[in-house]
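J.: A predicted structure for the sequence below; I have some questions about it.
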Protein chains: 2
Amino acid sequence: MALVVHKYGGTSVGDISKIKAVAEKIAEAKNAGDEVVVVVSAMAGETDRLIGLAHQICDIPRERELDLLLSSGERISCSLLTLALQALGYNAEAFTGRQVGIVTDSAHTKARIKRITADRVKTAIEKGKIAVVAGFQGIDEAEDVTTLGRGGSDTTAVALAAALNADLCIIYTDVDGVYTADPNIVADARRLDKISYEEMLELASLGAKVLQTRSVEFAKKYQVPLLVKSTFEKEGKGTMVVEEDRDMEKVLVAGVAHDKNQAKITISGVPDRPGIAGNIFSRIAEKEIVIDMIIQNVSDQGLADISFTLPRTESKKALELVKEVAKGIGAKEEVALDTDIAKVSIVGVGMRSHSGVAARMFSALAAENINILMISTSEIKISCVIEAKYTELAVRTLHKTFGLENPSLVTSSM
Amino acid sequence: MALVVHKYGGTSVGDISKIKAVAEKIAEAKNAGDEVVVVVSAMAGETDRLIGLAHQICDIPRERELDLLLSSGERISCSLLTLALQALGYNAEAFTGRQVGIVTDSAHTKARIKRITADRVKTAIEKGKIAVVAGFQGIDEAEDVTTLGRGGSDTTAVALAAALNADLCIIYTDVDGVYTADPNIVADARRLDKISYEEMLELASLGAKVLQTRSVEFAKKYQVPLLVKSTFEKEGKGTMVVEEDRDMEKVLVAGVAHDKNQAKITISGVPDRPGIAGNIFSRIAEKEIVIDMIIQNVSDQGLADISFTLPRTESKKALELVKEVAKGIGAKEEVALDTDIAKVSIVGVGMRSHSGVAARMFSALAAENINILMISTSEIKISCVIEAKYTELAVRTLHKTFGLENPSLVTSSM
């Protein structure tokens, strides 16, 4: 008898008929002999509806109240799914994030899980019940409601799987696995049968929306076997996210990711003194705004230009702060915000042992006249910031350049 | 400086523009020097929308999950109202029922408050903040979410006012006070300037929807001065609910109430043995269904008919149970459910010292050919169950019979 954590995303529980269908899927797994724990997102559109209400009131809602507001979405879907399981005759019980003991830090709207007891879920399992848990939420030490950021229900599911020492965590979503690129952009993108935690981590943080980055970190840390699968395609095999193996190293590039939720802020005419950059970025970090790439140029007048990228959704908040900081440090010119950029990346553990990958990427983009604005690399990925309008072209070009449409080019066993 | 608890009902916060208007009303009170604590209901229609979703899944949703579902409505309005106050520049903080320490029994969907600490509200007040509390909800000893029944936010407000030793609790609603009868039915119904806790208690429990019964019990028990007032009419004086005084005793009848949310269940052919009625009603009580009137007739064959009334919303659940019980005790005939009834009542502390009130009521109804199906009386009220179709006629007749349209007939000082 296996203990399996199922996670259903918003599109999987988008309306009452879908909720009933999900209840039947869960019932099937339970009938097959599994112990089932379920984590559920808010019904599709609900989180956006609630954010929309908040924005009718103010541009930048206070995040403590925003979290209380948004957490309601998952409480609703969690209650309804539990009722649907009960209607099918199953002994199911609904739990909030607090009730399963998910304690986070206090970084509202993007809190990180500090610990998780899962006591009530364990008790429910012992009694043969199906526990249904509201994803995306927890409480901080002050007992205020926090949320885990977009896609946070994935993290709830993986964290629960880790706490319960589950045999498998299945992330049910609206695609049937992890692809070599977004199939909406690249017609011959391929589903991967398996991918390493590290590659998945890079892909997720680079904009592939299939899994929340934090959830992959958790899965890697606690070695939770993760299966990403379609709710709707019964025959779909999905993608297993597991420890790196030999096959994976043979693959130069596992996938191409892109992220349009990018913005660039540039502070021009900054006095080139030691400590200035530290000053700027520590102020930004205080506001828990996550910075991605940073570039600094020094001009011949001893003035520097500092540019950095960040999620577009955070750019309004950051811009105000940066303007203030820029004034404080005596920057000579205006602070500029550019929201018309995107990031394209290639990822693969095979890069570690192969050279020339970056050169091939840059040449391929250049051949299409795509200008590279910023570059960032790690052992297993290369990212380029480009103008947003070239995003799709760049993704298709890179997919073709590295032969991702062709499984034979990749490994023998996959 | 007075400490005032404001409670805003669902119609008062029915959309974003109304929420902003309520925020401005609260700001005014705060500017005038009051310490303000706010309790808020779900946005109008939200609770019904959520119940509708649950009923698309099953006829009789399990109440533990229903409570988790419904409590979301108040969390949403509470977050939004707090954001609106913050947008006006006020230091406001949103709290759930749990966060202000509202602990209830486990009677889901109609839980009773056992205790309330209000610690976080006290801290907020000390810091000069406006505390905004989600009404209608608490948690039980097992830390499961409970709700306090329709109108439960009134009880949250009064309980908070009691715990905080507040100077006043204002219930803002869509009518400008307590009327001698429903103004939608009786054109010349009058607003009462004041009414005693006891009369209000009877009126509320008899179907006047202006206040939840439990909230009045709480107000009476802890001597919380209660003002019922319109959110929308700035000039409205409202009705004070206070301790009984001499003026009130001069009034024979303070008001006429009616309740269409009534149903009657009849068990026919019950063996007339001791303990049978006890058996039936203890089984019903176990399910926490509240029974109103009970009548038992014994026929000449030694068989009894037992009828009782209960809220129509509970009748489906009760009918199933009663059918089971009837079989168990060897009742000879079918159990019948009649949902086509209503209750009309007259209430007044003056009845204690005046006789003949009941006779006048019965005669007035008889003069209109309205048949009385059941009667129930207390020291300060008389209720009659009648056919539902006569409800409005009966209310108008009684209002006229006791001269309620005419303030001079009532007391000199009011």
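T.: Perfect, thanks for sending it.

J.: And the pLDDT for the closest residue to residue A:240 other than its chain neighbours?
T.: Residue nearest to residue A:240 in three dimensions, not counting chain neighbours: residue A:194, with 4.4 Å by C-beta to C-beta, 6 or more residues apart in numbering or on different chains. Yep, even glycine has a C-beta here, placed from its N, CA and C like the rest. What the model reports as pLDDT for residue A:194 is 93.

J.: Get me the contact residues on chain A for chain B.
T.: For chain A, the contact set with chain B under C-beta under 8 Å from any C-beta of the partner chain comprises A:16, A:19-20, A:50, A:53-54, A:56-58, A:61-62, A:64-66, A:68-69, A:71-73, A:75-76, A:78-80, A:82-84, A:86-87, A:93-94, A:96, A:98-99, A:143-145.

J.: Could you measure from the residue nearest to residue A:240 over to chain B?
T.: When C-beta to the nearest C-beta, to the nearest Å is the yardstick, residue A:194 and chain B sit 37 Å from each other.

J.: burial count for that residue?
T.: The number of residues packed near residue A:194 is 22, by other C-beta atoms under 10 Å in any protein chain shown.

J.: For it, which residues are in contact?
T.: Applying C-beta atoms under 8 Å, 6 or more residues apart in numbering or on different chains, we find residue A:194 in contact with A:239-242, A:248, A:414.

J.: How about residue A:79?
T.: For residue A:79, the residues meeting the contact criterion (C-beta under 8 Å, 6+ apart) are A:94, B:54, B:65-66, B:68-69, B:72.

J.: quick one: contacts of stretch A:357-370?
T.: Contacts made with stretch A:357-370 from outside it, assessed by C-beta under 8 Å, 6+ apart, are listed as A:252-253, A:346, A:351, A:372, A:377, A:382, A:384, A:386-387, A:390, A:393-394, A:397-398, A:401-402.

J.: Report the buried members of the residues you listed.
T.: With burial judged by 16 or more other C-beta atoms under 10 Å in any protein chain shown, the buried subset of the contacts of stretch A:357-370 is A:252-253, A:346, A:351, A:382, A:384, A:386, A:390, A:393-394, A:397-398, A:401-402.

J.: Now tabulate those in TSV and tack on pLDDT and secondary structure.
T.: TSV is the format used below for the buried ones among the contacts of stretch A:357-370 (pLDDT from 0 to 100; DSSP: H, G, I helix; E, B strand; the rest coil):
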residue	pLDDT	secondary structure
A:252	86	coil
A:253	92	coil
A:346	95	strand
A:351	89	helix
A:382	94	strand
A:384	95	strand
A:386	96	strand
A:390	96	helix
A:393	97	helix
A:394	97	helix
A:397	97	helix
A:398	97	helix
A:401	95	helix
A:402	94	coil
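
J.: Select only the buried ones of the contacts of residue A:194 in PyMOL?
T.: Applying 16+ other C-beta under 10 Å to the contacts of residue A:194 leaves a buried subset, and the PyMOL line that selects it is:
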select buried, chain A and resi 239+240+241+242+248
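
J.: Now stretch A:36-56: buried residues?
T.: Counting neighbours by 16+ other C-beta under 10 Å, one finds that the buried residues in stretch A:36-56 are A:36-44, A:46-47, A:50, A:53-54.
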